[in-house]
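Q: generate a structure from the sequence data that follows.
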Amino acid sequence: MPLSDPALLLLDAALRGVLTALLLLLALVLGRDRPRLPAARVGVALALGLALQVAGSTPSFEAWAPRLWQAPLVAVAAGNAVLFWVFARALFDDDFAPRPLHAVAWAAVALLAGANCAVLVGSGLAIAPLTLGLQRAAPLVFALLAMAAAAARWRADLVERRRRLRAFIVGAGALYSIAMIGARWQSPRWQLSGTMATLDVALLLAIVAVVAWRMLRLAGSDLFPAATPVPAWPAMEPAAVLVPVAGAEPATVSEAVPRSEAGVERTESAPADPAPAASPEPTPEVDPAEDRLADALHRLMTAERAYRDEDLGIAQLAARLAVPEYRLRRLINQRLGHRNFNAYINGFRLQEALAALADPTKRERPVLSIALEAGFQSIGPFNRAFKAATGLTPTEFRRQKLADS
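A: Numbers count the residues shown, from 1 in each chain. Below you'll find the predicted structure:
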């Protein structure tokens, strides 16, 4: 239904103009700053898709444009639900990589919505109610999937400001999707009335404005990983792992020098603190309480091998250290330089597995046993993490190292 009140018509046009400008600005910033990052690419696609959705959902356009003209814009608007789900997954997983399944899901939803708009709605065909029901259910399904993706990976995120922004993006986006689905469900043509269409734009504008403002305040490394992240484990010979001694700075790859020069000792039994996945944020001053917590964490991970607990989470680790969870997050992120808790823990597990696979005395021990002893829950996650870190399968790595020994 087109808007009849001139004031409301002017307000609707103004809101759509501002929202479109903000969406295009977000797409420009994401494409400029992180052109190769999957999360940024999906974010650009989502911003552009939402801009087209804003244009195509104008009440006057929906009322007067032929359905064949509306069909492409309706297809893009429906596909945005899939893009939102993929964006949520990419935003919560620094190692996310797009898969053909994501493109297939987007194409299926977009084609279904386009066909409904162009042909099936009002055709009287027996299949029309089914396809329209599927189109109406798709946004709800993908909104719930996005919320599930947020819940699954949110706790492992160690960047506090990014955690808050991600929670807002996914939470507000999912609630907006559900609210608009409820409003459109009452319309036989899945279109909003004049007043509801303006409210729709106003809600979306509020969400995008908050996201744009927060993104401009965040450092680039807070929201997205570095373009070329440092591996989560140090590249060293696994048969001789470097362990920092008390009072010394953690050893990294470039600092792997004798104890007399760097304050480290050589051992074959305990892994070192893994190298950070990103540069730690600068800390203005040394906190004695944080020093004690860092020492306690180091002892727990290297001497007691807490990482061998396959169910270890940040809440359990904080409880063992008798500190609030937020303090442990801040320490691992800002002082040790890690962005993800699971990657931090898996760094220790990989170091132990590397040493065991390169040990000639353990050549007969099955790879599965080594993975389970190091703390991995099953062989699948271990193989994926190992291949991502070394470029080799565990068997290939063992064969190569034992051949050189």
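Q: contact partners for Met147?
A: Met147 is in contact with Ala88, Val170, Gly171, Ala174, counting by CB atoms under 8 Å, 6 or more residues apart in numbering. C-beta: built from backbone N, CA, C; applies to glycine.
Q: now the last one: which helix or strand?
A: When you say that, I think you mean Ala174. Per DSSP states H and E: Ala174 is located in helix 160-185.
Q: continuing past that helix, what's the next helix or strand?
A: Assigned by DSSP H and E, the successor of helix 160-185 is helix 194-217.
Q: kindly export that following helix (C-alpha atoms) in PDB.
A: In PDB, the C-alpha atoms belonging to helix 194-217 read as follows (Å, rounded to 0.1, in the frame of the first residue of the first chain):
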ATOM      1  CA  GLY A 194       2.900   2.200   4.400                       C
ATOM      2  CA  THR A 195       3.400   2.900   8.100                       C
ATOM      3  CA  MET A 196       5.000  -0.500   8.800                       C
ATOM      4  CA  ALA A 197       7.300  -0.100   5.800                       C
ATOM      5  CA  THR A 198       8.600   3.200   7.300                       C
ATOM      6  CA  LEU A 199       9.000   1.600  10.700                       C
ATOM      7  CA  ASP A 200      10.900  -1.300   9.000                       C
ATOM      8  CA  VAL A 201      13.300   1.200   7.500                       C
ATOM      9  CA  ALA A 202      13.700   3.100  10.800                       C
ATOM     10  CA  LEU A 203      14.600   0.000  12.700                       C
ATOM     11  CA  LEU A 204      17.100  -1.100  10.100                       C
ATOM     12  CA  LEU A 205      18.600   2.400  10.000                       C
ATOM     13  CA  ALA A 206      19.000   2.300  13.800                       C
ATOM     14  CA  ILE A 207      20.900  -1.000  13.700                       C
ATOM     15  CA  VAL A 208      23.100   0.000  10.800                       C
ATOM     16  CA  ALA A 209      23.900   3.400  12.400                       C
ATOM     17  CA  VAL A 210      25.000   1.700  15.600                       C
ATOM     18  CA  VAL A 211      27.100  -0.800  13.700                       C
ATOM     19  CA  ALA A 212      28.700   2.000  11.600                       C
ATOM     20  CA  TRP A 213      29.500   4.100  14.600                       C
ATOM     21  CA  ARG A 214      31.000   1.200  16.600                       C
ATOM     22  CA  MET A 215      33.000   0.000  13.600                       C
ATOM     23  CA  LEU A 216      34.600   3.500  13.100                       C
ATOM     24  CA  ARG A 217      35.600   3.500  16.800                       C
END
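Q: packing partners for it?
A: helix 6-33, helix 38-56, helix 160-185 (3 or more CB pairs under 8 Å, 6 or more residues apart in numbering; DSSP states H and E).
Q: most neighbours out of the contacts of Met147, which is it?
A: Neighbour counts for the contacts of Met147 peak at Ala88, which has 27 neighbours (criterion: other CB atoms under 10 Å).
Q: for that one, give its distance to Gln135.
A: 21 Å (CB to CB, to the nearest Å).
Q: next one: Glu310
A: From Glu310 to Gln135 the distance is 42 Å (CB to CB).
Q: okay, the two: which has more neighbours?
A: Each of Glu310 and Gln135 has its neighbours counted (other CB under 10 Å); Gln135 has more, 22 against 14.
Q: correct me if wrong: that one contacts Asn116.
A: Yes: contact status for Gln135 versus Asn116: in contact at 5.4 Å, counting by CB atoms under 8 Å.
Q: tally of neighbours for Asp291?
A: 13.
Q: for it, which three-state class applies?
A: helix (DSSP: H, G, I helix; E, B strand; the rest coil).
Q: surely Val170 touches Ala149?
A: Yes: with contacts counted by CB under 8 Å, Val170 reaches Ala149, the gap being 7.5 Å.
Q: overlap in contacts, those two.
A: Ala88, Phe92.
Q: low pLDDT regions in the stretch 151-300 of the chain?
A: 186-194, 216-286 (pLDDT under 70).
Q: repeat that for 90
A: 151-290 (pLDDT under 90).
Q: what residues sit buried inside stretch 395-404?
A: Of the residues in stretch 395-404, those with enough neighbours to count as buried (16 or more other CB atoms under 10 Å) are Phe397, Arg398, Lys401.
Q: mean confidence score for it?
A: For stretch 395-404, mean pLDDT rounds to 88.
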